[in-house]
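*Asks:* Sequence and computational prediction follow.
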Amino acid sequence: MPSTLRFAPTPIAMAWKGPGLPHETVAVPQIHFNAGDALVEVEYATICGSDIHTTSGHRSAAPPLVLGHEQVGRVVAATPEAALHDGTSLAVGDRVVWTVTVSCGDCGTCNRGLPQKCEKILKYGHERIGRGWELNGGFATHVHVKAGSGITRVPEGIPAAILAPVSCATATAAAALRAATGRGPIAGATVVVSGAGMVGLSIIAMAVAAGAKVVALDPAPERRAMALKFGAVLALDPMAGDAADALVAAELGDPLVVFEASGAPAAVKSAIDSLGIGGIAVLVGSVSPGPEVGIDPEAIIRGLKSIVGVHNYTADDLATAVDFMSLNWNKMPFADLVGPRFFLHELDKALAIAKTGADVRVGIQPERTTG
C-alpha cells in the first residue's frame, strides 16, 4: 500500500524552468512512498555535462525538472521492502549512491539483462516533476529513491566530493571496461582512450589498475597531463600527428581496445580503424546526434573487430565502481577532478562556473545534511 509521510524540516528541490531562466525553490512537504522506496538526504552532488547541456538548451527536456544525477547521501527513511542491489535490506543511516536509472525488472529488455535500457525507464535528473515523485534529482536537500534503482552502500571514509561522480562517470567507465573484457583480460595489452574528460580519465584509471598499457588521446594539454597522472604511459595530441606512428615508435603495437569517450566523429572512425586483430572499439562518448561515420566492413570482418556501444550502466557496474573507488580514491588523483563547491541556493552561479568548460566537477552541497 502506498504511504504518505511528512518530514521536518521540509525537503526542498531546485526546479529548472527552462533555458535562460533561474532555478526556483520548491518545497515538498509530503513524500508518497511505494514499496521499495527510500528517502536519501543529499550530502553532496556534482554537476555533470548533461546538466550543462540541458540548461543550455542543447538537450531536449521538459521543465520543470530537478536536475542532478551525481550525488551521495544518507538514508533517512525507507520502506520495509527497500534493499541494496545485492538484496540486503536498506537501513536508515546507510551512506549510499544509486543508479541514474530506475528499471521495472519485468520488461523484455530487463529480462535480456539490459535494465539500463528498460522499456519503462525513469532517470534521475532527467524527468519532469510529477505528483508523487517531486524529489527526482540530485540538486535538492533530499532525493526520493524509487524501487527499481540499484542502490550501493559506500564507505564512510571517502570524501563526498569524490564519491558523488561515482554514480555517473565511474560507473560508466566500469560498464565500458566490462564491455571490453568480454573476450578476456586486458592486462599487458595496449589500450587507447580517446578523450580524457571525466569519463575518459575514469576509464584510464580502471584500465591501468587492470594492468593495461594505456595511451591517452586528447587535444587539450591539461587533460593529457592529467591522463599521465592517472597512469597512462603515453598522452598524445590527436591533432598533431599520426598516433599510430607514435604507438609503433613506443613499441606498443596495435591497440587491443580503443575506448572512444570524446564523441568526435573523426575520433570514432580512428578508433575503429586503429584496432589490431580481434580488437574492440568501445563507443562511450557519442551520446548526442551527429554525422554518420563511414566504416570499412571488409576490414572489420578480416580483422575480427568488434564495435560495442555503452550507454548508462547496470547496478553491478555501479557496485564495481564503488569497489574500485574504495581501493583507489587515495592512490590516484581523483581529488583533482572535483573543484569549487557551492550551496544549493547558489545553483545558478555554480552552473555558470561549470559552463566555462573547466575540467573539474563543480560541487553542490545542501546547507543542511545529516553528516
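*Replies:* Yes, it's here.

*Asks:* Return the set of buried residues in stretch 31-45.
*Replies:* Ile31, Phe33, Gly36, Asp37, Ala38, Leu39, Val40, Glu41, Val42, Glu43, Tyr44, Ala45 (16 or more other CB atoms under 10 Å). (C-beta placed from N, C-alpha, C; glycine too.)

*Asks:* What of stretch 108-122?
*Replies:* Within stretch 108-122, the residues scored as buried using 16+ other CB under 10 Å are Thr109, Cys110, Leu114, Pro115, Gln116, Cys118, Ile121, Leu122.

*Asks:* Now render the buried residues of stretch 31-45 as TSV, adding distance to Val92, pLDDT and secondary structure.
*Replies:* As requested, the buried residues of stretch 31-45 are arranged in TSV below (distance: CB to CB, whole Å; pLDDT from 0 to 100; DSSP: H, G, I helix; E, B strand; the rest coil):
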residue	distance to Val92	pLDDT	secondary structure
Ile31	14	93	strand
Phe33	13	95	strand
Gly36	15	97	coil
Asp37	13	97	coil
Ala38	9	97	strand
Leu39	9	97	strand
Val40	10	98	strand
Glu41	10	97	strand
Val42	15	98	strand
Glu43	15	98	strand
Tyr44	19	98	strand
Ala45	21	98	strand
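
*Asks:* out of the residues you listed, which one sits closest to Glu81?
*Replies:* For the buried residues of stretch 31-45, the closest approach to Glu81 (CB to CB) belongs to Gly36, at 4.5 Å.

*Asks:* List the contacts of stretch 309-324.
*Replies:* Residues outside stretch 309-324 that contact it (CB atoms under 8 Å, 6 or more residues apart in numbering) are 85-86, 97-101, 115-117, 150-154, 166-167, 170-176, 178-179, 205-206, 209, 282-284, 287.

*Asks:* quick one: the helices in the protein?
*Replies:* For the chain, the helices defined by DSSP state H occupy 49-55, 108-111, 160-163, 169-180, 198-209, 221-229, 243-249, 265-273, 297-302, 315-328, 347-354.

*Asks:* How far does the longest one sit from its chain's centre?
*Replies:* Meaning helix 315-328. In terms of CA atoms, centre = their mean, to the nearest Å, the centre of helix 315-328 is found 12 Å from the chain centre.

*Asks:* What ranges in the chain fall below the confidence cut-off?
*Replies:* 1, 242-245, 247-250, 358, 368-371 (pLDDT under 70).

*Asks:* In it, which residue is most central in space?
*Replies:* Cys168 (1.5 Å; CA atoms, centre = their mean).

*Asks:* That one contacts Val72, correct?
*Replies:* No: contact criterion CB atoms under 8 Å: Cys168 and Val72 do not qualify, at 11.6 Å.

*Asks:* Let me know the distance separating Asn136 from Met206.
*Replies:* According to CB to CB, to the nearest Å, Asn136 and Met206 sit 29 Å apart.

*Asks:* next one: Val76
*Replies:* In terms of CB to CB, Val76 sits 32 Å off from Met206.

*Asks:* higher neighbour count, the two?
*Replies:* Met206 (26 against 16; other CB atoms under 10 Å).

*Asks:* so that one sits right up against Ala175, yeah?
*Replies:* No: applying CB under 8 Å as the test, Met206 and Ala175 come out as separate, 10.5 Å apart.

*Asks:* Tell me which residues touch Phe342, please.
*Replies:* Per CB under 8 Å, 6+ apart, neighbours of Phe342: Lys349, Ala350, Ile353, Val362, Gly363, Ile364, Gln365.

*Asks:* Make CSV from those residues and add neighbour count and distance to Phe259 to it.
*Replies:* Formatted as CSV, the contacts of Phe342 follow (neighbours: other CB atoms under 10 Å; distance: CB to CB, whole Å):
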residue, neighbour count, distance to Phe259
Lys349, 13, 34
Ala350, 22, 29
Ile353, 15, 28
Val362, 25, 25
Gly363, 22, 26
Ile364, 30, 28
Gln365, 18, 32
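
*Asks:* which of those residues lies closest to Thr190?
*Replies:* If you rank the contacts of Phe342 by distance to Thr190 using CB to CB, Val362 comes first, at 34.2 Å.

*Asks:* Please name the residues that touch that closest one.
*Replies:* By CB under 8 Å, 6+ apart, Val362 lies in contact with Thr46, Ile47, Gly339, Pro340, Arg341, Phe342, Ala350, Leu351, Ile353, Ala354.

*Asks:* hmm, 10 Å instead?
*Replies:* Listed by CB atoms under 10 Å, 6 or more residues apart in numbering, the contact set of Val362 reads 45-48, 51-52, 338-342, 347, 349-356.

*Asks:* What's the ChimeraX syntax to select whichever of the residues you listed are buried?
*Replies:* A single ChimeraX command selects the buried members of the contacts of Val362 (16+ other CB under 10 Å):
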select :45,46,47,48,51,52,338,339,342,347,350,351,354
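
*Asks:* related to what we said a few turns ago, which among the helices of the chain is found nearest to Glu81?
*Replies:* Among the helices of the chain, the nearest to Glu81 by CB to CB is helix 315-328 (16.2 Å).

*Asks:* any idea of the angle that closest one forms with helix 169-180?
*Replies:* Angle, helix 315-328 to helix 169-180, by axes from the mean of the first three to the mean of the last three CA atoms, to 10 degrees: 110 degrees.

*Asks:* so helix 315-328 versus helix 198-209, what angle?
*Replies:* Using the same axes, to 10 degrees: helix 315-328 against helix 198-209 is 70 degrees.

*Asks:* Could you list the domains of this protein?
*Replies:* For the chain, automatic domain parsing gives the domain ranges 3-159+329-365, 170-309.

*Asks:* In a markdown table, list those domains along with distance to Thr320.
*Replies:* Shown next, in a markdown table, are those (distance: least, CB to CB, whole Å):
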| stretch | distance to Thr320 |
| --- | --- |
| domain 3-159+329-365 | 9 |
| domain 170-309 | 4 |
